[in-house]
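Asks: build me a structure from this.
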Amino acid sequence: MKKMMMVAALGLASPALAQVDNKALVLGLLQQGLVQGDKDYINTYVAQDYIQHNPTAMDGRAGLLGFVDFIASQPEAVSIEPVRVLSEGNLVMVQSAVEFNGPLVIFDLFRVEDGMIVEHWDGIQPVPESTLSGRGMLDGPVEIVDLDKTAENKALVLGFVDDVLVNGRAEKLAMYIGESYAQHNPQIADGIEGLSAFMGYLAENDISFGYTRVHNVVAEGNFVFVQSEGQIAGKVNAFYDLFRVEDGRIVEHWDVVQEVPDEMPHDNGMF
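Replies: Numbers count the residues shown, from 1 in each chain. Okay, here's the model as predicted:
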């Protein structure tokens, strides 16, 4: 953190260095501020008017400090193990394995401005006992490569989201999905066949499903994260999708799906 503060004071922060420092800032909040209960860290690096989108947490820095007290009051220890961390511009996405009254997968999305964390969204899903593909919700490659292809990989994924997830054009799957497609959604099998079967099941059982709006995107090299809004069976849901791209095709997918509640302790919504 001293390096980040020194660079910022000199006005020499390059985009790449700022990206790395934003990641460190956010990881510090998760592991030092929340898990270790370091309120000094939160008071130093979280804005007082911090905007909270978690549907059960209070707004502002005060709400976050209150959550630290709540964690400390729990009989079981809370742990956060970041698995993948992406950063683009002022956004940082962290995909984590979390132990909090049982195993969870959480996608956290933070907005950072001038060295302060100013906004937070998240998607949370319990880890099931089994998955249709046999894969875990978090396993698979973690290394970020192909930084020079960030823009084209981002465009590919957004094309897939618009064509297939928003407009339901299953016939275009082969334009975006590779021959080998590793699926980590617990309810979908591997490959184009698995995704096609899932979409077919929804249609055959008259279960309405669709993405309606993309809210935030974070792309870094071979990974692209998309935060979207949509509906399942008429209920509004938040979709947190992470895609890995290789040789111009999507080859792997992780996600969390969370229903949006009717009431929240703030007026910010989940998006």
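Asks: show me where the stretch 51-200 of the chain has helices.
Replies: 60-72, 150-160, 173-176, 191-204 (DSSP state H, counting those that start in this stretch).
Asks: out of these, deepest packed?
Replies: The highest mean neighbour count among these, using mean count of other Cβ atoms under 10 Å, belongs to helix 150-160: a mean of 18. C-beta coordinates here come from the backbone N, C-alpha and C atoms, glycine included.
Asks: show me where the chain has strands.
Replies: Residue ranges of the strands in the chain, as given by DSSP state E, are 46-52, 79-88, 91-99, 103-113, 116-126, 177-183, 209-220, 223-232, 235-246, 249-259.
Asks: okay, the helices of the stretch 51-200 of the chain in CSV with mean pLDDT next?
Replies: Below are the helices of the stretch 51-200 of the chain laid out as CSV (pLDDT from 0 to 100):
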stretch, mean pLDDT
helix 60-72, 96
helix 150-160, 98
helix 173-176, 94
helix 191-204, 92
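Asks: turn those helices into TSV, including distance to residue 136.
Replies: Formatted as TSV, those follow (distance: least, Cβ to Cβ, whole Å):
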stretch	distance to residue 136
helix 60-72	25
helix 150-160	22
helix 173-176	24
helix 191-204	16
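Asks: which among the ones you listed is found nearest to residue 26?
Replies: helix 60-72 (13.0 Å; Cβ to Cβ).
Asks: so where's this structure shaky on pLDDT?
Replies: Within the chain, the stretches with pLDDT under 70 are 1-20.
Asks: centre-most residue in it?
Replies: Centroid-nearest residue in the chain: residue 107, 3.4 Å away (criterion: Cα atoms, centre = their mean).
Asks: contacting residues for that residue?
Replies: Counting by Cβ atoms under 8 Å, 6 or more residues apart in numbering, residue 107 touches 93, 94, 95, 96, 122, 123, 225, 227, 240, 242, 256.
Asks: domain-wise, how is this protein divided?
Replies: Domain assignment for the chain, taken from automatic domain parsing, gives 2-126, 147-259.
Asks: any chance of those in JSON lines, plus distance to residue 137?
Replies: Putting the domains of the chain into JSON lines (distance: least, Cβ to Cβ, whole Å) gives the following:
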{"stretch": "domain 2-126", "distance to residue 137": "5"}
{"stretch": "domain 147-259", "distance to residue 137": "5"}
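Asks: of all these, which lies closest to residue 265?
Replies: domain 2-126 (5.3 Å).
Asks: for that closest one, what is the distance to the chain centroid?
Replies: Distance of domain 2-126 from its chain centroid, counting by Cα atoms, centre = their mean, to the nearest Å, is 13 Å.
Asks: same check on stretch 156-165?
Replies: 17 Å.
Asks: end-to-end on that stretch?
Replies: 13 Å (Cα to Cα, to the nearest Å).
Asks: contacts for it?
Replies: Stretch 156-165 is touched from outside by 169-170, 172-173, 175-177, 210-211, 214, 217, 219, 224, 226, 228, 230, 239, 241, 243, 245, 248-250, with contacts defined as Cβ under 8 Å, 6+ apart.
Asks: in ChimeraX, how would I select just the buried ones from those residues?
Replies: Command for ChimeraX, covering only those of the contacts of stretch 156-165 found buried under the criterion 16 or more other Cβ atoms under 10 Å:
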select :170,173,176,177,211,214,217,219,224,226,228,230,239,241,243,245,249,250
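Asks: hmm, back to that, switch the strands of the chain over to TSV; also include distance to residue 191.
Replies: Below are those laid out as TSV (distance: least, Cβ to Cβ, whole Å):
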stretch	distance to residue 191
strand 46-52	38
strand 79-88	22
strand 91-99	22
strand 103-113	22
strand 116-126	22
strand 177-183	5
strand 209-220	19
strand 223-232	20
strand 235-246	15
strand 249-259	11
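Asks: quick one: closest of those strands to residue 152.
Replies: For residue 152, the closest of those is strand 235-246, at 8.5 Å, according to Cβ to Cβ.
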